[in-house]
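# Give me coordinates for this.
(one chain, ligands or ions: 1)
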Amino acid sequence: MEVKQAEFIISNSDPTRCPKPDKPEYAFIGRSNVGKSSLINMLTTRHKLAKTSQTPGKTQLINHFLINTDWYLVDLPGYGFAKAPQREREKWEKMIDAYLTERPNLICTFVLVDGRIDPQRIDLEFMAKMGERGLPFVIIFTKNEKSSTNAISQMVKKYSQTLKQTWDELPPMFVSSAVNSRGKEEILDYIDQLNKEFYEEMKAKRD
Ligand code: GDP
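Residues are numbered from 1 along each chain as shown. Reported below is the predicted structural model:
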């Protein structure tokens with residue numbers, strides 16, 4: 001899939017005020033500084049669609065972008081910034097929980113993790129929570145412009161070992177880099193495939 005059009009629609013903290021859920025939707029989330037904004041900009045070929053390196057805690061909103069007039073890309077506020085006060089963190093959790101569990105057109109969530117470091121507890125905890133709620137997710141390893149095939153298979157192995165303790169099936173995984181656009185085609189093709197399934201199902205329901 002080629003991203004021909006990417007348009008900002010709305011930012012809000014209330015999941016009930018998100019756009020009408022009539023298009024397939026994909027959320028992007030990860031630890032603050034994981035490279036989420038850079039990845040979104042890389043995928044959409046818009047260098048400033050998502051703002052990079054914003055002050056942690058300042059951007060606690062659900063951001064909707066409409067892509068190719070066909071699907072929503074949702075930039076969710078990052079987790080795990082050490083300086084955020086407890087109250088702020090609780091607010092984040094409540095909002096994200098409500099969004100993830102109540103959004104009827106959310107097809108899957110892309111959980112971003114830094115591919116250059118070992119699995120972090122906070123990321124694994126987030127994935128475990130997704131599992132408890134039965135919410136499908138995909139892992140994207142970020143900042144991997146330089147990693148060798150061997151390093152990547154080691155990394156996948158490390159996550160797999162931990163995830164297998166709570167999951168029967170492993171989530172799909174993608175390797176990416178905003179620096180050299182690694183993974184762009186694979187991620188967009190994956191979304192494209194799910195979009196087709198969404199619209200086919202919608203059509204079947206209508207017929
Ligand atoms: P966010 O807080 O998750 O939205 O992260 P940003 O996209 O703002 O990126 C955080 C930092 O990581 C910035 O200094 C980026 O330049 C850097 N970064 C983001 N993506 C990549 C990448 O693919 N490779 C490398 N080497 N650095 C990256």
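
# Please make it C-alpha for all contacts and neighbour counts, starting now.
Noted.

# Distance of Q154 relative to L163?
Using CA to CA, to the nearest Å, we find Q154 at a distance of 14 Å from L163.

# hmm, I was thinking of N33
On the measure of CA to CA, N33 and L163 end up 23 Å apart.

# how long is stretch 10-23 from one end to the other?
15 Å.

# For that stretch, buried residues please.
S11, S13, P15, C18, K23 (16 or more other CA atoms under 10 Å).

# Specify which member of these is nearest to the ligand.
Distance to the ligand across the buried residues of stretch 10-23 (CA to the nearest ligand atom) is lowest for S11, with 15.6 Å.

# Mind listing the residues bridging to the closest one?
N63 (DSSP bridges).

# residue contacts, it?
Residues near S11 by CA atoms under 8 Å, 6 or more residues apart in numbering: L61, I62, N63, H64.

# Could you tell me which residues of the chain lie near the ligand?
Proximity of the chain to the ligand, by CA under 6 Å from any ligand atom, involves residues 32-38, 52-53, 142-143, 177-179.

# who does the top strand by length along the chain touch, helix- and strand-wise?
Counting residues, the longest strand in the chain under DSSP state E turns out to be strand 106-114. Judged by 3 or more CA pairs under 8 Å, 6 or more residues apart in numbering; DSSP states H and E, the packing partners of strand 106-114 are strand 25-30, strand 137-142.

# Work out which residue lies at the spatial centre of this structure.
What sits nearest the mean C-alpha location of the chain, by CA atoms, centre = their mean, is F28, with 2.0 Å.

# So it is in contact with V111, correct?
Yes - contact criterion CA atoms under 8 Å: F28 and V111 qualify, at 6.2 Å.

# so how far is K196 from K23?
11 Å.

# Also V179?
If you go by CA to CA, the gap between V179 and K196 works out to 29 Å.

# Then N12?
For N12, the distance to K196 equals 28 Å [CA to CA].

# Need the CA coordinates for stretch 31-49. CSV is fine.
The C-alpha trace of stretch 31-49 is given here as CSV (Å, rounded to 0.1, in the frame of the first residue of the first chain):
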residue,chain,number,x,y,z
ARG,A,31,7.3,3.7,25.8
SER,A,32,8.0,7.3,25.6
ASN,A,33,11.0,7.9,23.2
VAL,A,34,10.7,4.5,21.6
GLY,A,35,10.5,6.2,18.2
LYS,A,36,6.7,6.2,17.7
SER,A,37,6.4,9.7,16.1
SER,A,38,9.3,8.9,13.8
LEU,A,39,7.8,5.6,12.8
ILE,A,40,4.4,7.2,12.1
ASN,A,41,6.0,9.9,10.0
MET,A,42,8.0,7.3,8.1
LEU,A,43,5.0,5.2,7.4
THR,A,44,2.9,8.1,6.2
THR,A,45,5.8,9.9,4.5
ARG,A,46,4.8,13.1,6.3
HIS,A,47,7.7,14.4,8.2
LYS,A,48,5.6,16.3,10.7
LEU,A,49,2.3,14.4,10.9
